[in-house]
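Colleague: Take a look and give me a structure for this.
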Amino acid sequence: MTLFVVGTPIGNLGDLGPRARACLESVDLVIAEDTRVVGRLCHLLDIKPRAIRGYQGRQRITESEFVDVLATGDIALVSDAGMPGISDPGAAFVALALARGAKVSPIPGPSVLTAALALWPLSFTGACFYGFLPRRGQERIELLRRLMAAPTISVLLESPRRLRDTCADLAAIDGSRRTLLLGELTKLHESVHWMTLSEAHSWLTTVELKGEWAVVVDQASTAAPPQQDGERLLVALARSSLGTKEAAGIFAEVHDLGSREAYRLMLSRRTDGQESS
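Modeller: Have a look, this model is predicted:
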């Protein structure tokens, strides 16, 4: 018997695939994050599942009930929106099915994570998904610092109530970092905003926020060494036997500076060195 992990629309009902629709109608049981949300979805799409149980709330299914159904039939696992297990506790059912030797099969569908990554306008080599951040406390502070120091782009989710505070906290660490703010993805009032974190912090104070937001933050820059290391390199090159122009060329390449500015800095350090000797 099979546990199907089924993607459901994150906003636009037209994004439910035909395989997902057929699965919801044919399985013996649908396990939902919230039975009311999935119940409304099925009603709007004219889908009539045999049974719906939840993995949160009063209709929560027990482990023994899950195992009993899976022993003789098929189950569809769905979240309120998007792919189950992505920033919700549905992964526990996948783990239970695998532990029992059952077949687990994905029916891919809409996902805020993949949608956000697809809209990122710069090339990237990796991404880290943080989901919803802790609301307060040291755990939140440490996570924000780790996110802003990451060598990959970062994707997080936020409610309209906390989006301003989150962007303010991120901007306080590095306001020049580029970010992509994505509101109400695939819905009627979908919005995409590309700006720095400082600009985002200012802009968010002027608008009314509704719906869930995804925030993509650029990776920490590794193009130039820290300022202190740069000064050490500048002094070391100035004290070397290299010609001023050659030494300045090396410094300009490492720090992505113009040749004139690098030459001026190199000449000033060599002049300082001659005066102090």
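
Colleague: Just list what the host helix or strand of residue 37 packs against, helices and strands only.
Modeller: Using DSSP states H and E, residue 37 falls within helix 35-44. With contacts taken as 3 or more CB pairs under 8 Å, 6 or more residues apart in numbering; DSSP states H and E, helix 35-44 sits against strand 29-32, strand 52-54. No exception for glycine: its C-beta is placed from N, CA and C like everyone else's.

Colleague: And for the shortest one, what's in contact with it?
Modeller: Looking back up the chat, that one is strand 52-54. The contact list for strand 52-54, computed with CB atoms under 8 Å, 6 or more residues apart in numbering, reads 29-35, 38-39, 42, 59-61, 65.

Colleague: try it again with 10 Å
Modeller: For strand 52-54, contacts defined as CB atoms under 10 Å, 6 or more residues apart in numbering pick out 24, 29-39, 42, 59-62, 65-66, 69, 75-76, 78.

Colleague: for the most centrally placed residue in the chain, phi and psi?
Modeller: Most central residue of the chain, judged by C-alpha distance to the mean C-alpha position with CA atoms, centre = their mean, is residue 155 at 1.5 Å. Main-chain dihedrals, residue 155, degrees, to the nearest 10: phi -120, psi 130.

Colleague: Kindly report the same for residue 128.
Modeller: According to degrees, to the nearest 10, residue 128 has phi -120, psi 130.

Colleague: go on, residue 181?
Modeller: Dihedral angles for residue 181 - degrees, to the nearest 10 - are phi -100, psi 120.

Colleague: Can you give the domain ranges for this protein?
Modeller: What automatic domain parsing lists as the domains of the chain is 2-110, 113-217, 227-276.

Colleague: Just put these in CSV and tack on mean pLDDT.
Modeller: Converted to CSV, those look like this (pLDDT from 0 to 100):
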stretch, mean pLDDT
domain 2-110, 93
domain 113-217, 93
domain 227-276, 78
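
Colleague: Quick check: which of the helices and strands packed on helix 35-44 is buried the most?
Modeller: Across those, averaging neighbours per residue (mean count of other CB atoms under 10 Å) puts strand 29-32 on top, at a mean of 25.

Colleague: need the contact list for residue 119.
Modeller: When contacts are counted by CB under 10 Å, 6+ apart, residue 119 touches 180, 182, 185, 192, 194, 214, 216.

Colleague: Could you find the closest non-adjacent residue to residue 74?
Modeller: For residue 74, ignoring the flanking residues on the chain, the nearest one in space by CB to CB, 6 or more residues apart in numbering is residue 27 at 4.4 Å.

Colleague: just residue 257 next, same as before
Modeller: Distances taken as CB to CB, 6+ apart place residue 251 nearest to residue 257, at 7.0 Å, with adjacent residues excluded.

Colleague: now residue 56
Modeller: residue 33 (5.9 Å).
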